[in-house]
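S.K.: sharing a model prediction with you, sequence too.
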Amino acid sequence: MEEVKRQGPKNFNEKLMSMDRRWVFLVLGVVVIAALLTGIKAPLSITQEVRDVYNFVEGLKEGDNLLVAIDYDPNAKAELHPMAYAILEQAMAKKLKVITLTLSQNGAGMAEQVVRDVVDSVSTYHGFSPEYGKDYVFLGYRPYYALVILGMGQNFRIPYPTDYYTTPLDSLPMMRRIQNYNQVTGVIDITGSNVADAWVANANGRYGVKVALGLTGVSAADYYPFYQSKQIFGLMGGMKGAAEYEKLTDNPGLAMEAMGVQTYAHLVIIAFILIGNIGFFLDKRARKQRGEAV
Amino acid sequence: MKRQFPLLLVFLSGVFMVIQYFVPAGFSEKAYEFLIDWTIIIGIFALALGIWSLVRVSYHKIKTGHPDAKYSMVTLAGLALMLFFGFQFPGYDYKEVYRASQARDYIATNFNNAGAAATEKVFLPENDTLSIDVATLRAELPQFADSVEHWVELFQTSDWFEGADNEAEDLAAVTAAAEELRAMVAQYDGVSRADTATLTALGAQISGISERGAEAANRLDGITDVYPFTGGLESYMFRAFFEHIMIPIQATMFSLLAFYIASAAYRAFRARNLLSTVLLIAAFIVMARVLEMGPLTDLVNKLSAWVLLVPNLAAKRAIWIGVGLGIVATSLKVILGIERSYLGRD
C-alpha cells in the first residue's frame, strides 16, 4: 500500500510538476481553436534576415531571372505556403522572369497549385497577366536533389529536358535565354528539409549563385551560420518569417492571420513551463524543510 | 576479386572526383556531367529496388496474417491506385486539357473575387489592411472583366474545346457577365465610402452578376468529365488522392508536433542547475519574440536576435565543422578501403 502511494502524485507540488500530458494537449487545443475562431492578430516586427530577402527581390529589375524552389512536402504547408505565395506574387508583380520547381517528392502538385494561384492573383490585382513560358515556368519535380542542383549549374536541360507539362525547355521563350545559374540572379529555396544544405553547398558553393532560404521554424536556427558567413543572403524562419514577408510586401495572408494563433500557443507553452518550475521550486523547498536530499 | 574489384572501383572514383573538383578545365566538367548521369541511372535502380522491397515485405505480411497486414493492404492499394491514376495514356493531349480546365477555374475565380471585393472588402474597418476604397474597386472591376475575357479566349483556343458540346451557351453567359461587370464601374460615379446604402445595393448587384458568371464557368466541362480516372498528373482522382488524403495526413502529422513540443517543454524545461536555467531563459527569450511585450518588445527582439546569432551560431558552427570533418574522415576511410561495411558481409 505504502509503495503504491509513493508512485502516484502525493501533493500539490508534485501535481504541478507531473501533470498528465493530456491536460497540456487539451489546453493547447482549446486555445488554438479559440484564437483561430476569434481571429486575434499579433503585432509584428521585421527582422534583418527577412528584410534582406525582400530587398533583394525588390532590387531586381524587370526581366531579371529569379529561381524559386518550392521544396517542401504538405507537412510544412502551414508554415511555408504563405512564404511561397508572398515571394512569388512580389516577383511576378515586378515582372521578373520566374523559374519555379520542386525537389520535394510530394511537392509537385502543391507547388503547381501555388504557381497557378499566384498567376491568377497577379492577373487580378496587379493589372498584368503573366504568361506561361514567357514570364514564368514550372519545371516540376526531379529526384535526387543534390544532383539536380548540380546539374542545373551545368545546364537546366540536364535534369529538366522538359518542364512539368512535358514541353521541351527550348520551346519556352524565356528558357531559351537561360542555360545555367549564370543567367539566374538569385535562388530562393523554400524548404522544410535538408535540401537547403544542397542549395547552399552546391548552388552557392560550387556555382556562386546567390541563395536565400525560407525554412520551417524548427530548422531555421540551423542555418544562421550560413547567413552570417554570407553564404545565404537572407533567411525566413517559420510562420513568423512568412508573416514578416507578407507585411513587407503589403500582402496580408495566412501567415499574418496565423501569427495570433501562434502567439497564444506560445503563451500556453510558457505558462506550462512556469507551472512546472513553480512546482519544482515548491517541491525543492518542501524537501529542504523536511531535511531530505535535494 | 569479389571484394577487391569494388574496392578498386571506389578508390578510383573517389580519387577522380576529388581531383576533378579542383580542375576547372572543359574535359573535367564533361566527365563530371557524365558521371552525374550515371548516378541518376543508379538512383533509378534504387527506386525500382525500393518498390520491389515494399511490395515484397507488404505481401509477406498479408500472406502470413501478420497483425499489421491491414496496413500493408492499404499500402499496396495506395501504390497500385496512384500508379493507375497517374498513368498517362498515349494519344491524348493532356496539356491542352489542362489549359482548358485551368482557364475554367480562373474564370470562376475572377468572378468570385469581383463579388467578394464589391460586397465585403469596402466595408472593412478603416485601419484594416485588407480594406479597399471605392476608387480601387472601380479600378479593379475592369481588371476582373479583362482577366475573364483573357481566360475565355484561352479556353476557346484550346484544342479540347473544339470537340466539346453545349459549351457555346455557357461561354456566351460568361462573356456577358464580364461585360456587365465592366459596365458596373459607371454606377460607382459620385459614390463615396460613407454612402453605405448605395454601396450595399451595388455590391448585391455585382454579387448577382458574379454568381451567374461563376456558375456558367463551372458548367464548362474539364478533363474530369472526359477521363475521370486516368490522365496523368491532371487526373481528377490522382489530384483528389493527393489533395484530400496525402496533404491532410501529412499536415496532421506535423501539426501534432506542436502538442508534443508543448508537453516536452513542460517536462524538460526545469531550472535544475545553472546550465538548464540558461537553456530555460534562452527558450523564453526566443519564444517571447512573437509576443507583444509593450516597452520590452524591442529589447526582447534584440535579445532574441543575439541568442540566435551569437551563442546559437557558435554552437551550430562547431557542430557543422565537426560534421564536415566527420564526412571527410568517413569518405577517406571508404576511398582507402578501411571502411568496408557497404560491401555487406559476404
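M.R.: It's in.

S.K.: where does the stretch 151-294 of chain A have low pLDDT?
M.R.: Residues of the stretch 151-294 of chain A meeting the criterion pLDDT under 70: A:294.

S.K.: of all of it, which residue lies closest to chain B?
M.R.: A:Phe272 (4.0 Å; CB to the nearest CB). To be clear about C-beta, it is placed using only N, CA and C from the backbone, and glycine gets the same treatment.

S.K.: which helix or strand contains that residue?
M.R.: In the assignment (DSSP states H and E), A:Phe272 maps to helix A:254-290.

S.K.: how far is that helix from where the chain is centred?
M.R.: Relative to its chain's centre, helix A:254-290 lies at 26 Å (CA atoms, centre = their mean, to the nearest Å).

S.K.: which helices and strands does that helix pack with?
M.R.: Under the contact definition 3 or more CB pairs under 8 Å, 6 or more residues apart in numbering or on different chains; DSSP states H and E, helix A:254-290 sits against helix A:12-17, helix A:21-38, helix A:77-93, helix A:238-248, helix B:247-268, helix B:274-288.

S.K.: whichever helix or strand comes after the third one packs against which elements?
M.R.: Yep, that's helix A:77-93 we're talking about. Downstream of helix A:77-93, the first helix or strand assigned by DSSP H and E is strand A:97-102. Counting contacts by 3+ CB pairs under 8 Å, 6+ apart, strand A:97-102 packs against strand A:65-71, helix A:77-93, helix A:108-125, strand A:136-141.

S.K.: circling back: now do the helix holding A:Phe272 against helix A:238-248, angle only.
M.R.: Helix A:254-290 runs at 140 degrees relative to helix A:238-248, counting by axes from the mean of the first three to the mean of the last three CA atoms, to 10 degrees.

S.K.: next up, the contacts around the residue nearest to A:Leu101 when sequence neighbours are not counted.
M.R.: Leaving out its chain neighbours, the residue that sits closest to A:Leu101 by CB to CB, 6 or more residues apart in numbering or on different chains is A:Leu139, at 3.9 Å. With contact taken as CB atoms under 8 Å, 6 or more residues apart in numbering or on different chains, A:Leu139 is in contact with A:99-101, A:156, A:160, A:163-164.

S.K.: chain B contacts on the stretch 101-250 of chain A?
M.R.: Counting by CB under 8 Å from any CB of the partner chain, the residues of the stretch 101-250 of chain A close to chain B are A:106, A:108-110, A:116, A:120, A:123-125, A:127, A:129, A:143-144, A:147, A:150-151, A:154, A:158, A:164-167, A:218, A:221-222, A:224-225, A:228, A:240, A:250.

S.K.: buried among the residues you listed? Need that as a selection in ChimeraX.
M.R.: For the buried members of these, the matching ChimeraX selection, counting by 16 or more other CB atoms under 10 Å in any protein chain shown, is:
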select /A:106,108,109,110,116,120,123,124,125,129,144,147,150,151,154,158,164,165,221,222,224,225,228,240
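
S.K.: just the residues of the stretch 101-250 of chain A next to chain B: which are in helices?
M.R.: Among those, the ones falling in helices (DSSP state H) are A:108-110, A:116, A:120, A:123-125, A:147, A:150-151, A:154, A:218, A:224-225, A:228, A:240.

S.K.: doesn't A:Met19 lie inside a helix?
M.R.: No - counting by DSSP: H, G, I helix; E, B strand; the rest coil, A:Met19 is not found in a helix; it is coil.

S.K.: need the contact list for it.
M.R.: Neighbours of A:Met19 in contact, by CB under 8 Å, 6+ apart: A:272, A:275-276, B:266.

S.K.: need the pLDDT of the closest residue to B:Asn218 other than its chain neighbours.
M.R.: Distances taken as CB to CB, 6+ apart put B:Ala108 closest to B:Asn218, at 5.5 Å, once the chain neighbours are dropped. pLDDT for B:Ala108: 86.

S.K.: count of neighbours near B:Ala108?
M.R.: By the measure other CB atoms under 10 Å in any protein chain shown, the count of residues near B:Ala108 is 22.

S.K.: same deal with A:Met83?
M.R.: Around A:Met83 sit 31 other residues, with neighbours defined as other CB under 10 Å.

S.K.: is it in contact with A:Ala242, as I believe?
M.R.: Yes - using CB atoms under 8 Å, A:Met83 is in contact with A:Ala242, at 4.3 Å.

S.K.: overlap of the contact sets of the two?
M.R.: In contact with both A:Met83 and A:Ala242: A:214, A:236, A:255, using CB under 8 Å, 6+ apart.

S.K.: most surrounded residue in the residues you listed?
M.R.: A:Gly214 (34 neighbours).

S.K.: which residues touch the closest residue to it other than its chain neighbours?
M.R.: Closest residue in space to A:Gly214, ignoring its immediate chain neighbours: A:Ile190 at 3.8 Å, by CB to CB, 6+ apart. Applying CB under 8 Å, 6+ apart to A:Ile190 gives the contacts A:68-72, A:80, A:83-84, A:87, A:213-215.

S.K.: okay then, goodbye and thanks.
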